[in-house]
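Engineer: Sequence below, structure please.
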Amino acid sequence: MSAASPAAAPASLKSDAAVISAVGFAHGTSHFFHFVMPPLFPWLMREFGLSFTEVGAAMTVFFVVSGIGQALAGFVVDRVGALRVLAFGVGTLSVAALAIASAQNYAMLLAAAALAGLGNCVFHPADYSLLNRRVSSPRLGHAFSVHGLTGSLGWAAAPPFVLAIATAWGWRAAAIGACVVGFAALAVLLLNRRQLDDTQARAEAKHRAGGSFAFLGVGVVWICFAFFLVSVMAFGGLQNFAPPIFERTYGVTLAVATSGLTAYLLANAAGVGTGGFFATRGQHQERFIAAALAAAALCSIVLASGTAPAWSIVALMGAMGFGVGFTGPSRDILVRRAATSRFGSGAYGRIYGFVYSGIDTGLAIAPIVFGRFMDAGRYSGVLWGVAALQCAAILTALAVGSRSRPSTSAPA
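Structural biologist: From the prediction side, this is the model:
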């Protein structure tokens, strides 16, 4: 017995590492595709004669389809398995990139965005189901941290990647480059398909899942949804319009303005990595979330006031991104606690699918709301809106913590 134990641990570590790496790369690819179109807005506006609101509507289509699909994808994940659904999503994103590259008019661009949204909808229910079922419990907190980190890196990698190709060879070539990234992620999933097979785990957990829609009667699930909606809507304002906002408000070049967004995304990744060390400490994760979001909101207020020197844009955006990223692992722990305490692991897909569809809902609303601010020339109004939404996210995070802790302290 003693001789066998040492051999088991490395095998478990190897399997966990394979699952975390493959799922993380797929998740990074999903976030990468969030930023395939926004950096191309100047090209698309010239090509098709679009306004900020119209070009932003393409991202609204993307996230509306993704949000509706994500809530439904969770049921498919619980039924047919996360790996199949995840492979479908990555493949669909790749095909959508080809559709963007071949778009000849605004209608085709919207159709390509809808197809990309269909591909994007599977990731959170599939990713979190795989991590919860295929990663050993002692490493689960680190798995959530890596998952969030790769998503942030995907966000950070896309703008320079897309802009570099578009500047050199045009926006259609940039979309084709994104397609290559998608097919690379699909290859990684297929190469690791044995480690990612969750058939047995789904069968063992199925009897604990409860009724198909029972989770909708749990208040904390809805509060989690609201948290994702308001917090990610704030990010959506920056995702789509940060560079032109800084160009027009502070008079900086496009390169400097884009650097501010890149600093946000890179610092967000650093915040996720740091937050992973705090996420599993105690039962008050919402306090970490509230403090970090308060700091992020303060940065938004300073930028919105227009009093900050132009050279500080990158630093303030970086600080904001770190604060928002820091909340990620703690947020995921709270959602897992709410899921397992009432329904066990058999409902992972549907609960994660519904709750995280708040992300897509927020990102779908943001371009329409903030696009109107942009078209009206109220550029700083977007930043004030970001600050207000981050403050609202603090309140919902505190509510999630207070509602989930009493009933989940024992399972956690």
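Engineer: check contacts around Gly377.
Structural biologist: Gly377 makes contact with Arg248 under the criterion C-beta atoms under 8 Å, 6 or more residues apart in numbering. Every residue, glycine included, has its C-beta placed from N, CA and C.
Engineer: What does the pLDDT read for it?
Structural biologist: If you check Gly377, the pLDDT there is 88.
Engineer: Pull the contacting residues for the closest residue to Glu247 other than its chain neighbours.
Structural biologist: Excluding the flanking residues, the one nearest Glu247 by C-beta to C-beta, 6 or more residues apart in numbering is Ala257, at 4.8 Å. Going by C-beta under 8 Å, 6+ apart, Ala257 touches Ala242, Pro243, Pro244, Ile245, Phe246, Glu247, Tyr250, Ile313.
Engineer: Closest one of these to Asn120?
Structural biologist: Ala242 (20.8 Å; C-beta to C-beta).
Engineer: Check the offset of the host helix or strand of that closest one from the chain's centre.
Structural biologist: For Ala242, the host element (DSSP states H and E) is helix 219-250. In terms of C-alpha atoms, centre = their mean, to the nearest Å, the centre of helix 219-250 is found 11 Å from the chain centre.
Engineer: averaged over its residues, what pLDDT does it have?
Structural biologist: Here helix 219-250 scores 87 as its mean pLDDT.
Engineer: Of all the helices and strands in the chain, which has the lowest average confidence?
Structural biologist: Using mean pLDDT, DSSP states H and E, helix 199-205 stands out as the lowest-scoring helix or strand of the chain, at a mean of 60.
Engineer: ok so, going back, reformat the contacts of Ala257 as JSON lines; add distance to Leu109 and neighbour count.
Structural biologist: Below are those laid out as JSON lines (distance: C-beta to C-beta, whole Å; neighbours: other C-beta atoms under 10 Å):
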{"residue": "Ala242", "distance to Leu109": "22", "neighbour count": "24"}
{"residue": "Pro243", "distance to Leu109": "20", "neighbour count": "26"}
{"residue": "Pro244", "distance to Leu109": "19", "neighbour count": "18"}
{"residue": "Ile245", "distance to Leu109": "23", "neighbour count": "27"}
{"residue": "Phe246", "distance to Leu109": "26", "neighbour count": "26"}
{"residue": "Glu247", "distance to Leu109": "24", "neighbour count": "17"}
{"residue": "Tyr250", "distance to Leu109": "30", "neighbour count": "20"}
{"residue": "Ile313", "distance to Leu109": "30", "neighbour count": "23"}
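Engineer: Mind putting these into CSV with distance to Phe48?
Structural biologist: CSV is the format used below for the contacts of Ala257 (distance: C-beta to C-beta, whole Å):
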residue, distance to Phe48
Ala242, 22
Pro243, 19
Pro244, 17
Ile245, 22
Phe246, 25
Glu247, 21
Tyr250, 29
Ile313, 30
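Engineer: between those, which is closest to Gly217?
Structural biologist: Ala242 (39.0 Å).
Engineer: what residues are up against that closest one?
Structural biologist: Contact partners of Ala242, counting by C-beta under 8 Å, 6+ apart, are Ala257, Gly260, Leu261, Tyr264, Met317.
Engineer: what separates it from Met374, distance-wise?
Structural biologist: With distances taken as C-beta to C-beta, to the nearest Å, Ala242 is found 11 Å from Met374.
Engineer: just Ser152 next, same as before
Structural biologist: 25 Å.
Engineer: Looking at the two, which is more packed in?
Structural biologist: Using other C-beta atoms under 10 Å, the more surrounded residue of Ser152 and Met374 is Ser152, with 26 against 22.
Engineer: which element is the more buried one on?
Structural biologist: With DSSP H and E as the criterion, Ser152 is inside helix 140-169.
Engineer: what's the angle between that helix and helix 219-250?
Structural biologist: If you take axes from the mean of the first three to the mean of the last three C-alpha atoms, to 10 degrees, helix 140-169 sits at 30 degrees to helix 219-250.
Engineer: Which other helices and strands does helix 140-169 contact?
Structural biologist: If you count contacts as 3 or more C-beta pairs under 8 Å, 6 or more residues apart in numbering; DSSP states H and E, helix 140-169 packs onto helix 4-34, helix 123-134, helix 171-191, helix 254-275, helix 313-343.
Engineer: need the ones you listed in TSV with distance to Phe227 and mean pLDDT, can you?
Structural biologist: Listed next are the helices and strands packed on helix 140-169 as TSV, based on distance: least, C-beta to C-beta, whole Å; pLDDT from 0 to 100:
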stretch	distance to Phe227	mean pLDDT
helix 4-34	19	77
helix 123-134	14	87
helix 171-191	28	95
helix 254-275	15	86
helix 313-343	7	81
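Engineer: Deepest in the core, which of these is it.
Structural biologist: helix 123-134 (a mean of 28; mean count of other C-beta atoms under 10 Å).
Engineer: got the angle for the helix holding Ser152 vs helix 123-134?
Structural biologist: Interaxial angle, helix 140-169 versus helix 123-134 (the same axes, to 10 degrees): 140 degrees.
Engineer: What average pLDDT does helix 140-169 get?
Structural biologist: pLDDT averaged over helix 140-169 gives 88.
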